[in-house]
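*Asks:* attaching a predicted model along with its sequence, questions to come.
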Amino acid sequence: MAIVEPTKTWKLLEERLAVTTNERHRQVLEIVIEHMKAEAVPNLDGLMKTLVAEPDYHFWQFGQDVGPKGWDVVHAYYSAFVASKSNILEFELDRLLVDDDCVVTEGYLRQIYPGAYAAEIGIPVEDTEADYLISFRQLLLWPVDASGLIVGEDSYHSGPVEIRKLSFDELPSEYVELVYPGM
């Protein structure tokens, strides 16, 4: 069994989309699915085309909003995400709410991180040369504007609920190809 299964990230949204007849709800689901799939590739241009001209992200940590704001800062955030090679992830949802202006997703985010990047963003790892599976409980609000583009993300998470050092044999082939090309 795979450590992470990226398709779980959008599975519940696609299931909801398949039975949704409200056109506005379909529109907000479709743009979030498109965004999630662009993250998985990763496709920086694909990510950015799902966003409004001046996106406004809210990442709540210790009572402070540390999310990127504005096109240039959000672009830099996603550029760093792509460069970090931490896009091998699964957001296994157990809650999904949809209305005319927002999608709400909640579940466990499991993401594979190179140890050096995990340490850089404040995740306590013991070996920066290793690779880690990091799990969080996360709630995301995805506001969508009238034109059908994502305004930003409002993110609330538990902090790591699991930090597990992975052996090379546990790493999925997509991750190995991304982080260790030619091996």
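*Replies:* That came through fine. Numbering: from 1, shown residues only.

*Asks:* where is the longest helix in the chain?
*Replies:* helix 23-40 (DSSP state H).

*Asks:* list the buried residues of it.
*Replies:* For helix 23-40, a neighbour-count test (16 or more other CB atoms under 10 Å) marks 25-40 as buried. All C-beta spots, glycine's among them, are computed from the backbone N, C-alpha and C.

*Asks:* which intervals of this protein have sub-threshold pLDDT?
*Replies:* Scanning the chain for pLDDT under 70 picks out 1.

*Asks:* quick one: the strands in it?
*Replies:* 58-61, 64-65, 89-98, 102-114, 131-143, 154-166 (DSSP state E).

*Asks:* how about those strands in JSON lines, adding mean neighbour count and distance to I121?
*Replies:* Shown next, in JSON lines, are those (neighbours: other CB atoms under 10 Å; distance: least, CB to CB, whole Å):
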{"stretch": "strand 58-61", "mean neighbour count": "15", "distance to I121": "11"}
{"stretch": "strand 64-65", "mean neighbour count": "10", "distance to I121": "15"}
{"stretch": "strand 89-98", "mean neighbour count": "17", "distance to I121": "14"}
{"stretch": "strand 102-114", "mean neighbour count": "20", "distance to I121": "8"}
{"stretch": "strand 131-143", "mean neighbour count": "19", "distance to I121": "10"}
{"stretch": "strand 154-166", "mean neighbour count": "15", "distance to I121": "11"}
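
*Asks:* so can I have CSV of those showing distance to S79?
*Replies:* CSV is the format used below for those (distance: least, CB to CB, whole Å):
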stretch, distance to S79
strand 58-61, 17
strand 64-65, 21
strand 89-98, 17
strand 102-114, 16
strand 131-143, 20
strand 154-166, 18
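
*Asks:* for T21, which of the ones you listed is the nearest?
*Replies:* strand 89-98 (12.1 Å; CB to CB).

*Asks:* which positions in stretch 165-182 come out as buried?
*Replies:* In stretch 165-182, the ones that count as buried by 16+ other CB under 10 Å are 166, 171-172, 175, 178-179.

*Asks:* quick one: Q138 and H157 touch, right?
*Replies:* Yes. With contacts counted by CB atoms under 8 Å, Q138 reaches H157, the gap being 4.2 Å.

*Asks:* can you pull the residues that touch both of these two?
*Replies:* L109 (CB atoms under 8 Å, 6 or more residues apart in numbering).

*Asks:* and the strands of the chain: which comes nearest L51?
*Replies:* strand 131-143 (10.7 Å).
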